[in-house]
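Q: Sequence first, then the predicted structure, then my questions.
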Amino acid sequence: MLSGLLLWGALYIGTATAIWFTCSAGKIIPAYFIFEMVCLAPFTVWLFLLAARKGRAVVTGVLLETCVVAAVTYTVQVLATLSGFWAYFQDKDALLGPTISGVPVEEFLFYPLTINFSMLLYLWICDYIKSRRLPDINYSRRTLGLICIGFSVAFALLAACVFTLRSPAQVQPALKFWTQSGIPRYLEGPRQYNWTLICLISIAVNAVVFYLAELKTSLMLRAALILAGIFFLICLLVNLLGTGRGWWVYNGQQTSGIWIGGVPLEDLAVCLTGVTLPISIFEATRTMLGEKGLP
């Protein structure tokens, strides 16, 4: 497992470096799409082929989870793009051109590939844990429930607090600029924190979904926690690369304004949603099909 993750890391560094040197030579290339095809698609397909060997229930679970993720992310992408939550700069890298309901095809591919990467990685980690005969983490269902519900309530309350800060009267004319460190910034419209609210509410809902899945299915908590750490790091690296090059640039009027590079702080919460939602759907599907236990 470690060798596979190291291979991905090496490929990521190599691709990011190649993009930087290519574009520094004055050439504008579709780097977003190239990155997806080199760093996301091959590993997602490879992990799916490994998972497909486990039988009908696993394949059905993966395909259903893919459809749900595609539907959810497509809806969010279209509404967020039309509402100006983010924009796509092409100063450094070009987009291919085709769009789906106004969303660049690169963006439409990104979330299904990334989130499926996390769910399939979960299965890989389960296999790794089972091969070493490690037990799942011992815990009280009551304790886990209190943690998940408490987490959900905390983020819901935080979302309510953020909602009170909205100020539609403070409208910012469209402004595009680059920081001294070379990070693109984008401001436009009223100060409404809409993307912040989406991130916080998403985590609040998915904390409950994850608890119900763990309660009713054979979800392995140890694998989920390891996945959360790995996927968080992967998402942070990809987000820093994407926002740094302008593949997508968040509207500062719709975010908290607290930045890590070009990534708003609350956007990191979506990394947890990318763990809890797909494996919850997947494990629930396998349970409904009558399969028990881990792969």
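A: Everything's here; your move.

Q: what element comes up after the longest strand belonging to the chain heading to the C-terminus?
A: If you go by DSSP state E, the chain has its longest strand at strand 167-178. Per DSSP states H and E, the first helix or strand lying C-terminal to strand 167-178 is strand 184-191.

Q: buried residues in the helix or strand that comes right after that following strand?
A: Downstream of strand 184-191, the first helix or strand assigned by DSSP H and E is helix 194-216. Across helix 194-216, burial judged by 16 or more other C-beta atoms under 10 Å covers 194-211, 213-214. To be clear about C-beta, it is placed using only N, CA and C from the backbone, and glycine gets the same treatment.

Q: can you check stretch 253-273 too?
A: Buried residues in stretch 253-273, counted by 16+ other C-beta under 10 Å: 253-256, 259, 262-264, 266-267, 269-273.

Q: With just CA atoms, put that stretch into CSV.
A: Provided in CSV are the C-alpha atoms of stretch 253-273 (Å, rounded to 0.1, in the frame of the first residue of the first chain):
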residue,chain,number,x,y,z
GLN,A,253,-17.1,37.3,-1.1
GLN,A,254,-18.5,33.8,-0.8
THR,A,255,-15.8,32.4,1.5
SER,A,256,-14.5,33.1,5.0
GLY,A,257,-11.5,35.0,3.7
ILE,A,258,-9.1,32.8,5.7
TRP,A,259,-6.8,31.3,3.1
ILE,A,260,-4.2,28.5,2.9
GLY,A,261,-2.5,29.4,-0.3
GLY,A,262,-5.5,29.8,-2.7
VAL,A,263,-7.7,27.4,-0.7
PRO,A,264,-10.3,28.9,1.8
LEU,A,265,-10.0,27.3,5.2
GLU,A,266,-13.6,25.9,5.2
ASP,A,267,-13.0,24.1,1.9
LEU,A,268,-10.7,21.7,3.7
ALA,A,269,-13.9,20.4,5.4
VAL,A,270,-15.0,19.1,2.1
CYS,A,271,-12.1,16.6,2.3
LEU,A,272,-14.0,14.9,5.1
THR,A,273,-17.2,14.8,3.1
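
Q: thinking in terms of the whole chain, how far from its middle is it?
A: Here stretch 253-273 is found 12 Å from its chain centre; the criterion is C-alpha atoms, centre = their mean, to the nearest Å.

Q: sorry, back to before: just the mean pLDDT for the longest strand of the chain, thanks.
A: Averaging pLDDT along strand 167-178 gives 90.
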